[in-house]
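Visitor: predicted model and sequence below, questions to follow.
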Amino acid sequence: MTTYPALVEPAAELSVDEVRRYSRHLIIPDVGMTGQKRMKNAKVLVIGAGGLGSPALLYLAAAGVGTIGIAEFDEVDESNLQRQIIHTQSDIGKSKAVSAKESIAEANPYVEVVLHETRLDNDNVMDVFRGYDLIVDGTDNFATRYMVNDAAYFLGIPYVWGSIYRFDGQASVFAPSMSDEAPCYRCLYPEPPPPGMVPSCAEGGVLGVLCAQIGSIQVNEAIKLIMGAGEPAIGQLVIYDALELEWRKLKVRKDPDCRLCGPNADVTGLIDYDAFCGAISEDAADAAAGSTISVTQLEQMLKEREAGTRKFTLVDVREVNEYEINKIPGSVLIPKGEFLNGNALEQMPADEQIVLHCKSGVRSAEALAVLKGAGFDDSVHVGGGVVAWVNQIDPSQPSY
């Protein structure tokens, strides 16, 4: 077993009330008074108060981590409550950071909470991270994950990473500052996936309880690092399949060619992470340029089609289960995958303009690139997708 020194020095003492509160920790030999004092002295930053951040924040607070930072800029939405258990019905519309702070205060009044109510970017990430012993990463997009990894590396701060999607979860600890053999996130994922290939949780969904399972693993690893107990998941990738109830652990080795932590690294500062990861592919961006319409334009086109003065085919490229939640009237469903494999092209009318839409406009842009490449030059897609339709045209429909 590979052991690592404790990340945090112990605090001077625990109060009588703290001893009572943490008594079930104190009687564990591997924790004891010293371990609990280390947690009291620890400063942990949690990025995001969402699916992973919710259980992580609650358990870090309950465990007695003395200072908890929350980096979060979003507001609580009703769709969050299926999994983001730190928020409740009365918090809808409230700052997630503030809502989380209030919940932590109820869970443990001995914890100091520091709020960073801002979107992390290259201009502020180093200042936000500086001063923390450890970072727990609950982000949900690749651009932010690479930025977190790089900033943590430059500052020498270890961080615990987690990822969730539908029924699958992953977790690991990236801590090159603690060992010359420890990999970073770029060692595991040297390049981001091609734009549009990996749906977000907002597009693909996530089982609510999976957030608790992976978020709890992250806290477990954070506590081990703080106390210097056990063998943290440095150089290990924990994989969980909730449907099969199967846990696996894979070895992750330091990449000798890593652009960040390798001997010949060429990433020596923060980069343009949006450009590095890409929101959509270059082909999709080219296709959408000059071929994007608004939902108000689409509404007028639908009225003209109903009046018989215009002909076009409106295609929804989302998945079947999404189509059952809400839809733009008059659309037909052909999922994006059918465009990517070419099957959808046989269903496209040759004598009508084709209008594509999805949830937000990303998937429809990818499908539009396929259509343009097949010669459907006058096809367009709807910017903002069904989200914009519900918000601007038909608020009677549910959003997701």
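Guide: Sure, I can see it.
Visitor: quick check: closest non-adjacent residue to residue 240.
Guide: Among residues not flanking residue 240 along the chain, residue 169 sits closest, at 4.4 Å (C-beta to C-beta, 6 or more residues apart in numbering). For every residue, glycine as well, the C-beta is placed using N, CA and C.
Visitor: where's residue 34, which helix or strand?
Guide: Using DSSP states H and E, residue 34 falls within helix 32-41.
Visitor: now do the SS call for the residue lying closest to residue 211 once chain neighbours are set aside.
Guide: Leaving aside its chain neighbours, residue 211 sits nearest to residue 51 (3.9 Å; criterion: C-beta to C-beta, 6+ apart). Three-state call for residue 51 (DSSP: H, G, I helix; E, B strand; the rest coil): coil.
Visitor: burial of residue 51, as a residue count?
Guide: 26 (other C-beta atoms under 10 Å).
Visitor: still on that earlier bit, return the distance of the helix holding residue 34 from the chain's centre.
Guide: Centre-to-centre, helix 32-41 and its host chain are 31 Å apart (C-alpha atoms, centre = their mean, to the nearest Å).
Visitor: packing partners of it?
Guide: Using 3 or more C-beta pairs under 8 Å, 6 or more residues apart in numbering; DSSP states H and E, the elements in contact with helix 32-41 are helix 23-26, helix 208-227.
Visitor: what does whichever helix or strand comes after the last one contact?
Guide: Same thing as helix 208-227. Once the chain leaves helix 208-227, the next helix or strand it forms, by DSSP H and E, is strand 236-241. Contacts to strand 236-241, defined as C-beta atoms under 8 Å, 6 or more residues apart in numbering, come from residues 167-173, 188, 210, 213-214, 217, 246-252.
Visitor: quick one: strand 236-241 to helix 208-227, angle?
Guide: 160 degrees (axes from the mean of the first three to the mean of the last three C-alpha atoms, to 10 degrees).
Visitor: can you list the strands that strand 236-241 pairs with?
Guide: strand 168-174 (antiparallel), strand 246-251 (antiparallel) (DSSP bridges).
Visitor: the spatially closest residue to residue 115 that is not a sequence neighbour and residue 216, how far apart?
Guide: Distance criterion C-beta to C-beta, 6+ apart; nearest residue to residue 115, sequence neighbours excluded, is residue 97 at 4.7 Å. From residue 97 across to residue 216, the span is 21 Å (C-beta to C-beta, to the nearest Å).
Visitor: neighbour count for the two, which is higher?
Guide: residue 97 (24 against 17).
Visitor: list only buried entries from the contacts of strand 236-241.
Guide: Those of the contacts of strand 236-241 that meet the buried threshold are 168, 169, 170, 171, 172, 173, 188, 210, 213, 214, 217, 252, by 16 or more other C-beta atoms under 10 Å.
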